[in-house]
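[1] Need a 3D model of the sequence below.
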Amino acid sequence: MVCGKDGKEDKDHLLYTKKFLEVKKLLLLGTGESGKTTIIKQMKILHINGYSDNERKEKIPYIKQNIHESIYDIITNMNKINPPVKVKNEETINSIDFIVKIGQEGPNEFTPEYFNHVKKAWADEGVKETFNRSNEYQLIDSAEHFLNQIDVIQTSGFIPTNQDILFCRIKTISISKIDFEIPIPKKYGGGMAEFWMFDVGGQRGERKKWIKVFAGIQAILFLIASSDFDLKLREDESVNRLQESFNLFQDIYSNVYVKDAAMIVFLNKQDILQRKIEQGRKIEKYFPEYSNFTPSGREECNTEYEKVRLFMKNKILGIARMPVFVENMGMRPGKNITEQLKPRDVYIHNTIATDTKNIRKVFDSVHESILQKIVKDTGIL
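    Residues are numbered from 1 along each chain as shown. As a prediction, this is how the structure comes out:
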């Protein structure tokens with residue numbers, strides 16, 4: 001008979017194992033700044049009663065740090081981009097000097113004087129011009145959102161909205177998990193389905209941790225920042241960010257440890273992509289093969305933006321059509337067997353991770369896809 005502490009630990013382990021086998025496990029993957037953590041936040045908003053006032057207030061220091069990171073990166077790149085940009089108002093120089101002297105880490109205290117200088121700098125047309133050329137250097141996506149709200153953010157009664165929380169950038173350097181439940185449609189038996197969603201850092205240095213959460217995953221949600229077509233990778237500026245995403249997707253798709261997981265791709269940041277294309281940014285400058293891309297007759301394509309979306313979708317499907325071979329150990333040393341993995345469906349969605357309505361609609365479809373796969377593979381939920 002097992003008793004005492006060891007007995008309790010064994011019982012807890014059995015309960016956890018049973019739970020682990022029953023729960024639907026989703027893994028968010030993608031390069032850094034593709035929107036994975038924003039999806040986690042959306043699940044909390046949609047399925048776990050959102051954020052309390054205390055949780056919202058906890059985000060304020062990060063929001064203020066986002067403001068400093070944004071304005072600092074903009075003004076320190078004015079002279080680095082080619083051609084360089086000058087301030088349009090000489091009075092702005094004093095504010096820029098004030099911010100630069102603080103340094104990259106930010107002030108010890110975010111005072112009214114500090115915010116006044118940031119506001120003056122952000123109002124300068126030269127600073128705005130540099131912001132509009134942010135594809136030439138590294139800048140977080142939330143820059144404009146928070147710099148336009150300085151007056152509100154600096155007040156003592158400021159409480160971040162859902163939108164502020166979704167835009168707030170905090171680098172993911174560990175594995176995090178969120179639990180939530182979603183109703184199961186009656187055609188699948190009804191009841192509730194419990195999900196575990198895992199988020200891991202997407203920068204190159206964080207990817208070695210991914211293998212730790214591959215076991216038992218039912219679906220991978222792979223995020224690609226579609227607007228990254230004209231950006232350089234933060235970790236290696238010789239690499240195009242979007243190409244890095246395609247390369248990483250190919251690595252994950254062909255990974256034997258997740259060969260049974262449903263593969264779902266979010267072509268994220270569609271709002272930024274559309275804005276860039278409508279502003280005249282040319283994707284063929286970075287992906288020359290786009291010049292020869294012609295959508296099939298059954299694909300609706302009325303604008304340049306829609307054509308770019310289809311181009312990216314076809315890049316993903318092209319990767320998924322490539323044969324995948326893995327080497328299995330043979331019965332005798334040196335007698336390995338090369339096996340071709342069977343192709344699997346890839347579900348592609350155009351998303352805006354900061355848009356709760358969009359993510360609610362997309363995740364309803366994702367939920368359906370996952371349930372269909374589980375029923376197909378096992379016959380049970």
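
[2] nearest spatial neighbour of residue 316, skipping sequence neighbours?
    Nearest residue to residue 316, sequence neighbours excluded (Cβ to Cβ, 6 or more residues apart in numbering): residue 265, at 5.6 Å. To be clear about C-beta, it is placed using only N, CA and C from the backbone, and glycine gets the same treatment.

[3] That neighbour should be in a helix, yeah?
    No - counting by DSSP: H, G, I helix; E, B strand; the rest coil, residue 265 is located in no helix; its state is strand.

[4] In contact with it, which residues?
    Contacts for residue 265 (Cβ atoms under 8 Å, 6 or more residues apart in numbering) come out as 221, 222, 223, 224, 249, 316, 346, 347, 348, 349.

[5] cool, residue 166 as well?
    Neighbouring residues of residue 166 by Cβ under 8 Å, 6+ apart: 38, 41, 42, 45, 353, 354, 356.

[6] now the first one: how far from residue 141?
    Read that as residue 38. Residue 38 sits at a distance of 9 Å from residue 141 (criterion: Cβ to Cβ, to the nearest Å).

[7] Run through the helices of the stretch 51-200 of the chain in chain order.
    For the stretch 51-200 of the chain, applying DSSP state H, counting those that start in this stretch gives helices covering 53-58, 60-76, 92-102, 112-123, 125-132, 143-147, 150-153, 162-167.

[8] In the fifth one, which of the residues would be classed as buried?
    This means helix 125-132. Neighbour-count burial for helix 125-132 flags 126, 127, 129, 130, 131 (criterion: 16 or more other Cβ atoms under 10 Å).

[9] Next: the fourth one.
    Judged by neighbour count using 16+ other Cβ under 10 Å, the buried positions of helix 112-123 are 114, 115, 117, 118, 120, 121, 122.

[10] relative to helix 60-76, how tilted is it?
    50 degrees (axes from the mean of the first three to the mean of the last three Cα atoms, to 10 degrees).

[11] between helix 112-123 and helix 125-132, how many degrees?
    Angle, helix 112-123 to helix 125-132, by the same axes, to 10 degrees: 80 degrees.

[12] any idea which element residue 27 lies in?
    For residue 27, the host element (DSSP states H and E) is strand 24-30.

[13] how does the protein divide up, domain by domain?
    If you go by automatic domain parsing, the domain ranges for the chain are 22-51+171-376, 60-159.

[14] how far does the last one stretch from start to finish?
    Domain 60-159 has an end-to-end distance of 8 Å (criterion: Cα to Cα, to the nearest Å).

[15] tell me the mean pLDDT over that domain?
    If you average the pLDDT over domain 60-159, you get 97.

[16] And that domain, how far out from the chain middle?
    From the chain centre to the centre of domain 60-159 is a distance of 24 Å (Cα atoms, centre = their mean, to the nearest Å).

[17] now stretch 259-272
    10 Å.

[18] Next: stretch 196-203.
    9 Å.

[19] what does stretch 191-198 give?
    That offset, for stretch 191-198, works out to 20 Å (Cα atoms, centre = their mean).

[20] List the buried residues for that stretch?
    193, 195, 196, 197, 198.

[21] which one in those is the model shakiest on?
    Minimum pLDDT for these is recorded at residue 193 (87).

[22] So that one sits against residue 25, correct?
    No - look at residue 193 against residue 25 with Cβ atoms under 8 Å: they stay out of range, at 11.4 Å.

[23] quick one: which of the domains of the chain is nearest residue 165?
    domain 22-51+171-376 (6.0 Å; Cβ to Cβ).

[24] now the closest one: how far from the chain's centre is it?
    Its chain's C-alpha centre and that of domain 22-51+171-376 lie 9 Å apart, by Cα atoms, centre = their mean.
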